[in-house]
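**Q** mind folding the following:
(2 chains)
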Protein chains: 2
Amino acid sequence: MVVTSRDVARLAGVSQPTVSRALRDDARVSEDTKKRVREAAQLLGYVPSEAGRALSSGRTRRIGLLVTDLDNQFYSHIIAPVHRELERLGYQLMLHTETADNETVAERLAANGLDGVLLATATVDSIAPLRLRDRGMPFVYFNRIGSLVGADAAVVDPAAGYQDAVDRIAELGHTRVGAVLGPANTSTAQMREAALRAALTARGLVLAESCVRRAPYGAIEGEAAAAELLAGDEPPTVLFCGNDVVAYGALNAARRAGLSVPGDVSIIGFDDLPEASWPIVDLTTIGYDITGMARAAADLIVRRIEHPDAERSEITFASSFVPRSTVAAPRPR
Amino acid sequence: MVVTSRDVARLAGVSQPTVSRALRDDARVSEDTKKRVREAAQLLGYVPSEAGRALSSGRTRRIGLLVTDLDNQFYSHIIAPVHRELERLGYQLMLHTETADNETVAERLAANGLDGVLLATATVDSIAPLRLRDRGMPFVYFNRIGSLVGADAAVVDPAAGYQDAVDRIAELGHTRVGAVLGPANTSTAQMREAALRAALTARGLVLAESCVRRAPYGAIEGEAAAAELLAGDEPPTVLFCGNDVVAYGALNAARRAGLSVPGDVSIIGFDDLPEASWPIVDLTTIGYDITGMARAAADLIVRRIEHPDAERSEITFASSFVPRSTVAAPRPR
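**A** All right, here's what the predicted structure looks like:
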């Protein structure tokens, strides 16, 4: 005999949809009802068939998080809040990693039977968003905006954070400003560079081309780029880094070069990850509500799936300067 | 017209199974064939139906990684290698987080239509393994052994690493040894404690109960436990930490207490995570092939799924002492 959810519903004295909701621990079902349904399911030896459910509803209640660089620490910090928020809404997170963004990524995402996708590492030249749109697969930009305007997005506005950071270093007397910017084809690097340059201009400061490097958002890459800048003839006295992970790399580069931070060089990150506030790191950085942004992205993709015709929504989180111990006045020359 | 994989196979001039393999980027299919199949699928507008595939084969080719603490940095370092190895074998990783290990975890794992599960945070009193066994769901212990003996496992033997670490601190003249051990109900904490005590005994050293604390494997928790030990009347001159993340916490505790490492206290971790080798951390620790262990766990679960009657296999990785800058001789009293 094949036990169905109808049998469980009858025994537990609830409706059939309640059985499914109770068994996937949906927050809308009371603990009492969940317990009754679970006991009935256990008694009858019922195992819900996800495949059957997907065929009948056309939905899998699974959402993919597409990441092309899982080694990047940034993503390990957003996986947990995204996962929790999706779980609360009755959806499951499915990590989908790729080594490249090409024509076939969208095919593989579609083949996974996902209801929707969060794009966490899209670049302005990404192909995946175009193909996802062609296939009618809902998606949301998370942190970075990709090639296709007009999609839902949860992003950060770096302007306020950079303005306060630049005000601070200007007051301290820094004039030789350097930067390790993120990859040129990411919206985050573009927006942060624009915000940094605008804030510098407002204070009469400039970012000389000789004091700029670009690096992927990784600690190793950040270290190499910072090492180059710090080894120059006229090294910058303050280094803005594309994100905190790059700034950890810059701290490592300074340590390896025998330079003291902030005595010889000030270092500023972006993201305010948990490690940035550790006493052994104590990184001055630019922060925002990272958990809130992760939750917003989860909410946006669920809304897009459940209400395909909803207005497009771009949720922007404000940034702010987080002063810690890696910034001080430059050494007198 | 519904386009099927048969149509794609005919157009591409390959067999039907080759179409599925090519579209999920299986390493066993040549790049040439993949390209031909993709072009045929694109031309015909074919989208493989995962739900249909699951119903016909009874397999979803999805493997869950059950983690109860996604904030723990350790797991962010194993997700990438597990994911890559599973992808190579034609499987997908699905993160499944839970806040507690209870009777219903196994139900939810089963409801997700997983082919198998990697248990990364099992405790010796976990219920999930028993329920997974009841349901006939294949699973593998990763890093930690759980309540059920007799399951496949990929684990570390800490003995060699602790022996060399203890030899080193004994040579340096340490006698007041402290430890922040992991949770008592984890096999990792049990094995590491046993290995540490055995190595100390062999050198005529002891771990006084007043110098021992237990803490979950987190930086915040490690910091609190280490702060207690360092604030004692006769603080230990060397601190063995349950893992690297706990050791980062101990470094933070020392910094906050104004103690120098290794001048005032030596600190030793376990795992040799990437950050441990950063110049700003430079943690003396005990390491093993963490990527190899992640790959082994992925291989074990796929083998268990594809060959349910295979011999049980427990793959043990050797550990070794990794000397860096957080260990030195104790200050003369």
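**Q** give me the low-pLDDT residue ranges for chain A?
**A** A:1-3, A:45, A:47-58, A:70-71, A:99-102, A:149, A:333 (pLDDT under 70).
**Q** give me the domain ranges for it.
**A** Annotated domains of chain A cover A:5-48, A:61-156+A:289-317, A:158-287 [automatic domain parsing].
**Q** okay, those in CSV with distance to residue B:43 next?
**A** From N, CA and C alone the C-beta is placed, and that goes for glycine too. Shown next, in CSV, are the domains of chain A (distance: least, Cβ to Cβ, whole Å):
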stretch, distance to residue B:43
domain A:5-48, 37
domain A:61-156+A:289-317, 13
domain A:158-287, 30
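**Q** adding mean neighbour count, write these out as TSV.
**A** As requested, these are exported to TSV (neighbours: other Cβ atoms under 10 Å in any protein chain shown):
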stretch	mean neighbour count
domain A:5-48	17
domain A:61-156+A:289-317	20
domain A:158-287	21
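**Q** which one, of the ones you listed, ends up nearest to residue B:6?
**A** Evaluated over the domains of chain A, closeness to residue B:6 peaks at domain A:61-156+A:289-317, with 16.4 Å, by Cβ to Cβ.
**Q** and that closest one, end to end?
**A** End-to-end distance for domain A:61-156+A:289-317, by Cα to Cα, to the nearest Å: 27 Å.
**Q** how about it against chain B, any contact?
**A** Yes: shown here: domain A:61-156+A:289-317 in contact with chain B (Cβ under 8 Å from any Cβ of the partner chain) through A:62, A:70-71, A:73, A:75-76, A:79-80, A:83-84, A:87, A:92-97, A:103-104, A:107-108, A:110-113, A:135.
**Q** keep only those of those residues that are in helices.
**A** A:73, A:75-76, A:79-80, A:83-84, A:87, A:107-108, A:110-111, A:135 (DSSP state H).
**Q** just how off-centre is stretch A:154-164 within its chain?
**A** Centroid displacement of stretch A:154-164 relative to its chain, using Cα atoms, centre = their mean, to the nearest Å, is 15 Å.
**Q** how about residues contacting it?
**A** With contacts defined as Cβ atoms under 8 Å, 6 or more residues apart in numbering or on different chains, stretch A:154-164 is touched by A:140-145, A:187-188, A:191-192, A:195-196, A:198-199, A:202, A:270, A:286-288, A:293-294, A:296-297, A:300, A:314-321.
**Q** inside helices: which ones of those?
**A** Those of those mapping onto helices are A:187-188, A:191-192, A:195-196, A:198-199, A:202, A:293-294, A:296-297, A:300, per DSSP H.
**Q** which of these sits closest to chain B?
**A** Nearest to chain B out of those is residue A:294 (Cβ to the nearest Cβ; 11.6 Å).
**Q** contacting residues around that closest one?
**A** With contact taken as Cβ under 8 Å, 6+ apart, residue A:294 is in contact with A:78, A:81, A:82, A:85, A:142, A:154.
**Q** now with 6 Å?
**A** Contacts for residue A:294 (Cβ atoms under 6 Å, 6 or more residues apart in numbering or on different chains) come out as A:78, A:81, A:82.
**Q** and residue A:64, what are its bridge partners?
**A** Residue A:64 forms beta bridges with residue A:94, residue A:117, as assigned by DSSP bridges.
**Q** ok, which stretches of chain A are strands?
**A** A:62-67, A:92-97, A:116-119, A:139-142, A:152-157, A:177-181, A:212-214, A:238-241, A:266-268, A:285-287, A:314-318, A:320-322 (DSSP state E).
**Q** partner strands of the fifth one, parallel or antiparallel?
**A** In the sheet, strand A:152-157 lines up against strand A:139-142 (parallel), strand A:314-318 (parallel) (DSSP bridges).
**Q** ok so, going back, for the ones in helices among the contacts of stretch A:154-164, work out which two are farthest apart.
**A** Using Cβ to Cβ, the pair of these lying farthest apart is A:202 and A:300, separated by 32.9 Å.
**Q** out of the domains of chain A, flag the one nearest residue B:66.
**A** Comparing these by Cβ to Cβ, domain A:61-156+A:289-317 comes nearest, at 12.2 Å.
**Q** tell me how far the residue nearest to residue A:277 when sequence neighbours are not counted lies from residue A:330.
**A** Spatial nearest neighbour of residue A:277, chain neighbours left out: residue A:324 (7.3 Å); criterion: Cβ to Cβ, 6 or more residues apart in numbering or on different chains. Distance check for residue A:324 against residue A:330: by Cβ to Cβ, to the nearest Å, it reads 18 Å.
**Q** got the phi and psi for residue A:127?
**A** Backbone torsions of residue A:127, given as degrees, to the nearest 10, read phi -90, psi -30.
**Q** and it, how far is that from chain B?
**A** 13 Å (Cβ to the nearest Cβ, to the nearest Å).
**Q** is there proximity between stretch A:229-242 and chain B?
**A** No: using Cβ under 6 Å from any Cβ of the partner chain, stretch A:229-242 never reaches chain B; the gap is at least 13.1 Å.
**Q** pull out the CA atoms of that stretch and give them to me as PDB.
**A** Output of stretch A:229-242 as PDB, limited to C-alpha atoms (Å, rounded to 0.1, in the frame of the first residue of the first chain):
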ATOM      1  CA  LEU A 229      51.500  49.700  -3.700                       C
ATOM      2  CA  LEU A 230      53.400  49.600  -0.400                       C
ATOM      3  CA  ALA A 231      56.700  48.800  -2.100                       C
ATOM      4  CA  GLY A 232      56.500  51.900  -4.400                       C
ATOM      5  CA  ASP A 233      58.800  55.000  -4.100                       C
ATOM      6  CA  GLU A 234      56.100  57.200  -2.700                       C
ATOM      7  CA  PRO A 235      53.700  54.700  -1.100                       C
ATOM      8  CA  PRO A 236      50.300  55.900  -0.100                       C
ATOM      9  CA  THR A 237      49.800  56.700   3.600                       C
ATOM     10  CA  VAL A 238      46.200  55.300   3.600                       C
ATOM     11  CA  LEU A 239      44.800  52.400   1.600                       C
ATOM     12  CA  PHE A 240      41.100  52.000   0.800                       C
ATOM     13  CA  CYS A 241      40.400  48.300   0.100                       C
ATOM     14  CA  GLY A 242      37.700  46.900  -2.100                       C
END
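**Q** contacting residues around it?
**A** Residues outside stretch A:229-242 that contact it (Cβ under 6 Å, 6+ apart) are A:169, A:174, A:176-182, A:196, A:211, A:213, A:217, A:247, A:250, A:257, A:266-269, A:330.
**Q** also near chain B: which of those residues, exactly?
**A** With the criterion set as Cβ under 6 Å from any Cβ, no member of those is near chain B.
**Q** quick one: which of the strands of chain A is nearest residue A:307?
**A** With respect to residue A:307, and counting by Cβ to Cβ, the nearest of those is strand A:152-157 at 11.1 Å.
**Q** noted, bye for now.
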